[in-house]
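> please work out how this folds:
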Amino acid sequence: MRWALVKVSLAVTAMVVVAFAVPLGLVIREIARDRAFSGAERDAAEIAPALSITTDRDQLERFVASAGSDAAATALHIPEGGGAPAVEIGRRRAAAEDIAATRKMGRASTAQAPGGSVLLQPVALGTGQIAVVEVYVPDAAVDRGVGTAWAVLAGVGLALIVGSVAVADRLGVRMVQPAQRLVEGARELGEGKLGARVPEEGPTELRLAAVAFNSMADQVVQLLANERELAADLSHRLRTPLTVLRLNAASLGDGPAAEQTRAAVEQLEREVDTIIRTAREAKPQTTAAGPGAGCDAAEVVRERMEFWSALAEDEGRKWRVAGVDRPVRIPVARADLAAALDALLGNVFRHTPEGTAFAVDVHNGEDAVIVLVSDAGPGIPDPVTAMARGRGSGSDGSTGLGLDIVRRLAEATGGDVRIGSSVLGGTEVRLWIQLDGRAGAPPRRGHRGTVRRRRPGRLVSTFNRPRSLP
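Numbers count the residues shown, from 1 in each chain. Okay, here's the model as predicted:
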């Protein structure tokens, strides 16, 4: 914007300077020419009185030599008549045709001559003849002072251009710097730096924009604080029913089911405490995805499947897990991946009948990791609605928050979530986790399948499908 303003100012000023300097330069040249010929007319006028007194050659030569500013530039042409011969005094530079034309017209005229111009002034003699006084005006006399005037004019025009550019640059800085600070503040706020604010200075429009931005940032901070407080309060309300569950679980006695119930209650209490502590912190926490951050997806899948396998056995569900025999590093926090898997597996148990089989497959590619959770249930008739936060699949107990958790985890790495039909006959949820963290990064071939781009902005997996459960 700054350079654009400078360019506009430069172009406009240059046009104005050219529009005025060119005509003014031509006027200066014309004035110099008029000045030179005015001097020639004065020299010719000094000789005219002598012609009315005498036509003697010697006297006229002396008079021509003493008259005028430059005797070498003056010549006198007297035709023959009255028995007197023609008289030529001085160097003739004008053509004979021009001298004859001047005698015939009876008025002064100018004509071209080698190296300049001549002024031809007719003078009537007592004998009735017409003498012609010739005054030579060289080109140097016509152009005298024009070059200097043009140089001064060019200097003034250049000074005007430089001055206008300097003024435009200062104005541009005054406008651009507040705009740049506004852009930097918006970028910092978008990166999660909630303390980013913009100085309220500059032109009126930018100052009002800065005021609006700072007000918006304050509202964002307040809304986030309110959201954290609400999350902490809602989580704190769970302590009472959790206490009751823990007391009831303690009275179940011994046995695998009782131990699993007590372990689940303890884990639930830990999750609630984590939510409360995180929500009470002064600043929102973000998941680190730098070098060394993340977790082993295979280990997390094995751990969560061990947890859900007990409930699967109680409900007579057949299950299978694949692709977890070797480490699979992903740029996702362990707790976040565990929460996403719990949301997906919880949906399977909540929205499919008992005895419905399910499977979890992990596919490790060079640039992405895909986690497939499939089941043999009735499927989801409207996947788009199921992905909408707060709406869910439409069945009882579905809010859409579980899939929203999964979607946000995937999008944080540049991946996505898709719902489709599984080879088991039910629903397949595909969680795509981008390893390099860049949305829409060029896919490459992985060792468990291929990744290709079907259309801009859409990535599709064509991995080897899981085998049917026994």
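
> would you tell me what the next helix or strand after the one helix or strand residue 247 maps to is?
Using DSSP states H and E, residue 247 falls within helix 239-250. Next along the chain after helix 239-250, taking DSSP H and E as the criterion, comes helix 256-280.

> so which residues of the stretch 351-470 of the chain form helices?
When secondary structure is read from DSSP state H, counting those that start in this stretch, the stretch 351-470 of the chain shows helices at 383-386, 401-412.

> can you check the stretch 51-200 of the chain too?
According to DSSP H, counting those that start in this stretch, the helices that the stretch 51-200 of the chain contains are 57-66, 96-105, 139-142, 146-190.

> picking up where we left off before, rank the helices of the stretch 351-470 of the chain by pLDDT, which is bottom?
Here these differ in mean pLDDT, and the lowest is helix 383-386 at a mean of 76.

> what is it packed up against?
strand 416-421 (3 or more C-beta pairs under 8 Å, 6 or more residues apart in numbering; DSSP states H and E). C-beta here means a position set from N, CA and C on the backbone, and glycine is covered the same way.

> neighbouring strands - and their directions - for the strand it packs on?
Using DSSP bridges, the strands paired with strand 416-421 in its sheet are strand 427-434 (antiparallel).

> how about the strand it pairs with: buried residues?
The neighbour-count check on strand 427-434 (16 or more other C-beta atoms under 10 Å) flags 427, 428, 429, 430, 431, 432, 433, 434 as buried.

> check stretch 155-169 too.
Neighbour-count burial for stretch 155-169 [16+ other C-beta under 10 Å]: 157, 160, 161, 164, 165, 168, 169.

> re earlier: I'd like the helices of the stretch 51-200 of the chain as a markdown table, with mean pLDDT appended.
Shown next, in a markdown table, are the helices of the stretch 51-200 of the chain (pLDDT from 0 to 100):
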| stretch | mean pLDDT |
| --- | --- |
| helix 57-66 | 74 |
| helix 96-105 | 84 |
| helix 139-142 | 79 |
| helix 146-190 | 82 |
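
> burial measure for the nearest residue to residue 130 once chain neighbours are set aside, as a count.
Nearest residue to residue 130 in three dimensions, chain neighbours excluded: residue 103, at 4.4 Å (C-beta to C-beta, 6 or more residues apart in numbering). By the criterion of other C-beta atoms under 10 Å, residue 103 has 15 neighbours.

> residue 121 is in contact with residue 103, correct?
No. Using C-beta atoms under 8 Å, residue 103 is not in contact with residue 121; the gap is 11.1 Å.

> of the buried residues of stretch 155-169, closest to residue 225?
residue 169 (43.3 Å; C-beta to C-beta).

> so how far is residue 350 from that closest one?
Applying C-beta to C-beta, to the nearest Å, the value for residue 169 to residue 350 is 66 Å.

> low pLDDT regions in the stretch 351-470 of the chain?
388-402, 437-470 (pLDDT under 70).

> and the strands in it?
For the stretch 351-470 of the chain, strands defined by DSSP state E, counting those that start in this stretch occupy the ranges 358-364, 368-375, 416-421, 427-434, 449-455, 458-463.

> go on, the stretch 1-150 of the chain?
Remark: strands assigned in the stretch 1-150 of the chain by DSSP E, counting those that start in this stretch are 74-78, 87-89, 109-113, 116-124, 130-138.

> for residue 97, which of those strands is the nearest?
Across these, closest to residue 97 is strand 109-113 (C-beta to C-beta), at 8.9 Å.

> now do the buried residues in the closest one.
For strand 109-113, the neighbour count (16+ other C-beta under 10 Å) marks 109, 110, 111, 113 as buried.

> which residues does the first one bridge with?
Yep, that's residue 109 we're talking about. residue 120.

> still on that earlier bit, give the residues shared as contacts by residue 103 and residue 121.
residue 132 (C-beta atoms under 8 Å, 6 or more residues apart in numbering).

> residue 214 in helix, strand or coil?
Using DSSP: H, G, I helix; E, B strand; the rest coil, the structure places residue 214 in helix.

> hang on, it packs against residue 200?
Yes. Between residue 214 and residue 200 there is a contact at 7.0 Å, judged by C-beta under 8 Å.

> now tabulate the strands of the stretch 1-150 of the chain in CSV and tack on mean pLDDT and distance to residue 25.
CSV is the format used below for the strands of the stretch 1-150 of the chain (pLDDT from 0 to 100; distance: least, C-beta to C-beta, whole Å):
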stretch, mean pLDDT, distance to residue 25
strand 74-78, 81, 31
strand 87-89, 79, 39
strand 109-113, 84, 22
strand 116-124, 84, 20
strand 130-138, 85, 21
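
> got those strands as a markdown table, with distance to residue 303 columns?
As requested, the strands of the stretch 1-150 of the chain are arranged in a markdown table below (distance: least, C-beta to C-beta, whole Å):
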| stretch | distance to residue 303 |
| --- | --- |
| strand 74-78 | 119 |
| strand 87-89 | 126 |
| strand 109-113 | 107 |
| strand 116-124 | 107 |
| strand 130-138 | 106 |
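
> return the set of buried residues in stretch 195-205.
196, 198, 202.

> residues making contact with that stretch?
For stretch 195-205, the external contacting residues (C-beta under 8 Å, 6+ apart) are 174-175, 177-179, 181-182, 184-185, 188-189, 207, 210-211, 213-214, 217.

> switch to 10 Å and redo it
Stretch 195-205 is contacted from outside by 171, 174-179, 181-190, 206-214, 217-218, 221, 283, using C-beta atoms under 10 Å, 6 or more residues apart in numbering.
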